[in-house]
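Undergrad: Output the structure for:
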Amino acid sequence: MRRQRQAKIVATLGPASDSRDMIQALFQAGADVFRFNFSHGSHADHQARYQIVREVEQRVGRPIAILADLQGPKLRVGQFSTGKVMLEAGQEFTLDSDTSPGDQRRVCLPHPELFAVIGTGQSLLLDDGKLRLQVVDAANGSIRTRVVNGGVLSDRKGVNVPDAVLPIPALTEKDKRDLAFALELGVDWIALSFVQRPEDVLEARALVAGRAAILSKLEKPAALDRLEEIVQVSDAIMVARGDLGVELPPERVPGTQKRILRVCRQLGKPIVIATQMLESMIVSPVPTRAEVSDVASAIYDGSDAVMLSAESASGAWPVEAVAIMDRIINEVERDPLYRNMLDAQHEKPQANRADAICSALRDVTQIVGATATVTYTSSGHTSLRAARERPMAPILSITPRLTTARRLALVWGVHSTISDQIHNESEMVNAACQTALREGFAKPGDQIAITAGMPFGQPGSTNLLRLAEVWG
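TA: Sure thing, here's the model as predicted:
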């Protein structure tokens, strides 16, 4: 089942979308990757969804990626004796280590590691930025603040600290339990929340040990200070505009998104744009015009994928949300301006064999009018470097590894197929032509461009480029 577009769709599963019929409908509407949000649901819930996705995958005959999104160190206030309080602008309010219920004057902040890094003049944002506090002083396990923007604060609302690098690991004990469970299930991608430093990614990579690819979610301004390093050690990046949009001034989010996109394109790492893309469709069967423009802009900018969160997990119109996202992407990619923008954003290849071959591949497909770019890959490296070039022709990726095919479902332009291991160039050309015919990428007489690594089956050895005419 071939998609007629290059950018991919990530759909989050949840209470509104965990039945067999619904998951199948979401795939048929356009979902390429299913996200399991470990901030919600039990392990039993995720296991049931996993089994259904794999059954759907078997039925449709196309690799589907599963992304396990770990909760990360979400900071929250404690509880109030009355459940909630009203904070007025100008009043003083204290966050401390006292575990007793809070009141109008104070509440517990059950994160002792924060007290050492909070300083006078810094801001604390509560409840997704609805309330803003300015720190007056911090000492002896107590942070005294003045309310800048007031409002209702209720139990367990989130806390954001935009002005500090927090001395907390990206993986909590809950995350480590969830990670072990997700890897045992066999998920394809692990999403790390609240990544601040490359060391956060390296810690997770040691635990993952190659069993899944790692996607780093950029939600903290501190991550931007070491952006290139984080992208370099990650397998993919997500611009998680929820918390990032809370901690950054809203007017800076679009420019930050474009900066992250540019770095990912330079380094050839897939990038997902997420959060509030079609949020009105949680309750409405149609999106706002602004939301449509937001999705379209992410595609014009060259994103690998766009993501639905509550729209598909708990909204009233999950299938419709995926379907409209699919239509938006198709419409953008048919626009001649889209190709012009991709070409204008094209990054120089890096000084290695894979990029030299894939850069030539991009030129060759355009010159000869190839209908497909065929990549042979074991680890996925060749297909990733080809996708970095954003060639005119779609990328037909052939791999002997199902795990590789599934991971590539997230990547721009890549249509993954499973094939037996090949042993020589003649087998390679024959398999490429037959697969291109079978999958609808070519007809007899068409030209295809083929790239691979020799010796075959050796990861990271991209060094061959071949043109072939498809025969019947």
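Undergrad: what's the weakest-modelled helix or strand in this protein?
TA: Least confident helix or strand of the chain, by mean pLDDT, DSSP states H and E, is helix 241-247 with a mean of 87.
Undergrad: Against which helices or strands is it packed?
TA: strand 159-160, helix 253-267, strand 271-274 (3 or more CB pairs under 8 Å, 6 or more residues apart in numbering; DSSP states H and E). Backbone N, C-alpha and C define where each C-beta goes, glycine included.
Undergrad: neighbouring contacts of the helix or strand hosting Thr404?
TA: Remark: Thr404 resides in helix 402-407, with elements defined by DSSP states H and E. Applying CB atoms under 8 Å, 6 or more residues apart in numbering, the external contacts of helix 402-407 come out as 63-66, 188-189, 213, 235, 377-380, 397, 399, 416-418.
Undergrad: let's go with 7 Å and repeat that
TA: Counting by CB atoms under 7 Å, 6 or more residues apart in numbering, helix 402-407 makes contact with 63-65, 188-189, 213, 377-380, 399, 416-418, all of which sit outside it.
Undergrad: Gln79: neighbouring residues, count only.
TA: 18 (other CB atoms under 10 Å).
Undergrad: Distance of it relative to Glu92?
TA: Look at Gln79 and Glu92: by CB to CB, to the nearest Å, they are 20 Å apart.
Undergrad: Equivalent analysis for Asn430, please.
TA: Separation of Asn430 from Glu92 (CB to CB) stands at 76 Å.
Undergrad: Where does pLDDT dip in the stretch 351-472 of the chain?
TA: Low-confidence segments of the stretch 351-472 of the chain (pLDDT under 70): 457, 460, 472.
Undergrad: All the strands of it, residue numbers only.
TA: 372-376, 395-399, 414-418, 447-453, 462-469 (DSSP state E, counting those that start in this stretch).
Undergrad: Mind giving me the packing neighbours of the second one?
TA: So that's strand 395-399. strand 372-376, helix 381-388, strand 414-418, helix 425-438 (3 or more CB pairs under 7 Å, 6 or more residues apart in numbering; DSSP states H and E).
Undergrad: For Thr288, give me its contacts.
TA: The contact partners of Thr288, taken as CB under 7 Å, 6+ apart, are Ser280.
Undergrad: and the chain, what are its domains?
TA: 8-73+170-334, 84-160, 353-469 (automatic domain parsing).
Undergrad: For Glu347, which of the ones you listed is the nearest?
TA: domain 8-73+170-334 (4.8 Å; CB to CB).
Undergrad: which secondary structure elements does the one helix or strand Val147 maps to contact?
TA: When elements are assigned from DSSP H and E, Val147 belongs to strand 142-149. If contacts are counted by 3+ CB pairs under 7 Å, 6+ apart, strand 142-149 sits against strand 92-96, strand 131-139.
Undergrad: Can you redo those as JSON lines, where the extra columns are mean neighbour count, distance to Ala170 and mean pLDDT?
TA: As requested, the helices and strands packed on strand 142-149 are arranged in JSON lines below (neighbours: other CB atoms under 10 Å; distance: least, CB to CB, whole Å; pLDDT from 0 to 100):
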{"stretch": "strand 92-96", "mean neighbour count": "20", "distance to Ala170": "23", "mean pLDDT": "97"}
{"stretch": "strand 131-139", "mean neighbour count": "17", "distance to Ala170": "24", "mean pLDDT": "94"}
